[in-house]
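Trainee: Got a sequence here, can you build the structure:
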Amino acid sequence: SKLGTFAITTVGIINNQKEILDELFKVNGTQLQFSTTSGMVGITEIVSALIATKNSIVEGLRYVQETVKGSMSVLIMTEDGRLICARDKWGRTPIVVGKKEGAHALCFDCHSFANLDYSVEKFVAPGEILKVTADGVEQLLAPNPKMQVCSFLWIYYGYPTSSYEGINVEMMRYKNGEILAKNDVEKGFDLSSVDYVGGVPDSGILHLQKAAGSARPVNSLQCPAF
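Mentor: Numbers count the residues shown, from 1 in each chain. Just a heads-up that it's a prediction; the model follows:
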């Protein structure tokens, strides 16, 4: 691109793809490729094209945050080895900065740091843009004051040992269980016959088994989201 060569990866969703594509094809449609099996332009390519319409990567990332309706977090590597990360403007998906001697790393799930001897240095804030090198972290764009983080990170698809915004997933799920039980008791449900409540790994799959040393089946309560 006119900004040079850069590698890019994204996580998120664009709800106004058609409007963005219509505008991009007017500006520079020849560089857009129908790169998916469904015959559509891929989300990451849309984001890279938006960035390349501006005069710098930071300006382009800010333009992405302003233009995309939905959620879009971006990680870029430049030709000189810099990492630039931009969390989506509402903070719906996380980006975490890790640190160890002589190195920094970026990830979605901070539990990946433990086996690599990294510690968490910073949870990137909503809309914040950072430049990360081995030597340090520099803020390129200040964050937005409001956050609308995706609650399903804790209650559904987050890995148990991970933490989001400094809150551990497994401890959050235990707390959710306490709240659910308290709510049921307050509504008059009799929980005395419930032997245990456990997480179900796959939505819609329920395994009934007999309790150890008992002829009666275990009462199971399935709620995949908790």
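Trainee: which residues touch residue 9?
Mentor: The neighbourhood of residue 9, defined by C-beta atoms under 8 Å, 6 or more residues apart in numbering, consists of 44, 74, 75. Every C-beta, even on glycine, is put in place using the N, C-alpha and C of the backbone.
Trainee: State the helix or strand in which it lies.
Mentor: In this assignment (DSSP states H and E), residue 9 forms part of strand 6-14.
Trainee: Give me the average confidence score over that strand.
Mentor: Rounded to a whole number, the mean pLDDT of strand 6-14 is 93.
Trainee: Please apply the same query to stretch 183-203.
Mentor: Confidence over stretch 183-203, taken as the mean pLDDT, stands at 78.
Trainee: returning to what we had before: for the contacts of residue 9, give me CSV that also has distance to residue 98.
Mentor: CSV is the format used below for the contacts of residue 9 (distance: C-beta to C-beta, whole Å):
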residue, distance to residue 98
44, 23
74, 18
75, 13
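Trainee: give me the number of residues near residue 129?
Mentor: Here the neighbour count serves as a burial measure; for residue 129 (other C-beta atoms under 10 Å) it reads 22.
Trainee: Next, the contact list for the most centrally placed residue in the chain, please.
Mentor: In the chain, the C-alpha nearest the mean C-alpha coordinate belongs to residue 93, at 2.9 Å (C-alpha atoms, centre = their mean). Contacts of residue 93 were listed using C-beta under 8 Å, 6+ apart, and they are 11, 12, 71, 73, 87, 108, 150.
Trainee: Farthest-apart pair in those residues, please.
Mentor: Taking C-beta to C-beta, the two most distant members of the contacts of residue 93 are 71 and 108; they sit 13.1 Å apart.
Trainee: Skip ahead from the helix or strand bottoming out on mean pLDDT in the chain and say which helix or strand is next.
Mentor: The helix or strand of the chain with the poorest confidence is helix 17-28; it has a mean of 82 (mean pLDDT, DSSP states H and E). Counting by DSSP H and E, the next helix or strand C-terminal to helix 17-28 is helix 43-52.
Trainee: what about the strand holding residue 9, distance to the chain center?
Mentor: Taking C-alpha atoms, centre = their mean, to the nearest Å, one finds strand 6-14 lying 11 Å from the centre of the chain it belongs to.
Trainee: Equivalent analysis for stretch 85-94, please.
Mentor: When distances are taken as C-alpha atoms, centre = their mean, stretch 85-94 is centred 8 Å away from the chain's centroid.
Trainee: partners of the strand holding residue 9, with directions?
Mentor: strand 70-78 (antiparallel) (DSSP bridges).
Trainee: May I have the strand it pairs with as CSV, with CA atoms only?
Mentor: Provided in CSV are the C-alpha atoms of strand 70-78 (Å, rounded to 0.1, in the frame of the first residue of the first chain):
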residue,chain,number,x,y,z
GLY,A,70,-19.8,-3.5,15.0
SER,A,71,-16.6,-4.4,16.6
MET,A,72,-13.0,-4.6,15.2
SER,A,73,-9.7,-5.1,17.0
VAL,A,74,-6.6,-5.1,14.9
LEU,A,75,-2.9,-6.1,15.2
ILE,A,76,-0.4,-4.9,12.6
MET,A,77,3.3,-5.7,12.1
THR,A,78,5.3,-3.1,10.1
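Trainee: Please list the residues outside that strand that contact it.
Mentor: 4, 6-16, 43, 47, 51, 57, 61, 64-65, 83-88, 90, 92-95, 106, 150.
Trainee: repeat for stretch 145-164
Mentor: 71, 90-94, 109-111, 114, 120, 123, 125-126, 165, 167-170, 172-173, 176, 224-226.
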